[in-house]
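1. The following block contains a protein sequence and its predicted model.
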Amino acid sequence: MIIINLDVMMAKRKIGLSELAARVDLTLANLSILKNAKGKAIRFSTLNRLCKELECQPGDILEYKYAEGDDCDYDDGNQE
């Protein structure tokens, strides 16, 4: 499972959701979805802007944690 630690990084950098959304050119709604781990994907360009603004690495925002029984619904496009 992927854990989103955006709220942790925002707290460390003392920046609010509205301010960060404006700085990285995202709607407040979309940033909120990402922050609350409700989204299914993130563009590299968005991750790049977040990392630049928060002065962090992607691994500071995204974390992988193994969970027994987790099935990924990822489709790599290969059809068998």
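-> In hand now; what should we look at?
2. where do the helices sit along the chain?
-> Per DSSP state H, the chain carries helices over the ranges 6-13, 17-24, 28-35, 44-54, 58-61.
3. is it possible to export those helices to CSV including distance to Ala67?
-> From N, CA and C alone the C-beta is placed, and that goes for glycine too. Formatted as CSV, the helices of the chain follow (distance: least, Cβ to Cβ, whole Å):
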stretch, distance to Ala67
helix 6-13, 19
helix 17-24, 27
helix 28-35, 20
helix 44-54, 22
helix 58-61, 18
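4. Mean pLDDT, mean neighbour count and distance to Asp70 added to these, as a markdown table?
-> Converted to a markdown table, the helices of the chain look like this (pLDDT from 0 to 100; neighbours: other Cβ atoms under 10 Å; distance: least, Cβ to Cβ, whole Å):
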| stretch | mean pLDDT | mean neighbour count | distance to Asp70 |
| --- | --- | --- | --- |
| helix 6-13 | 97 | 16 | 21 |
| helix 17-24 | 97 | 15 | 28 |
| helix 28-35 | 96 | 16 | 20 |
| helix 44-54 | 97 | 15 | 22 |
| helix 58-61 | 97 | 15 | 19 |
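5. Nearest to Glu68, out of those?
-> Closest approach to Glu68 among the helices of the chain (Cβ to Cβ): helix 58-61, 22.8 Å.
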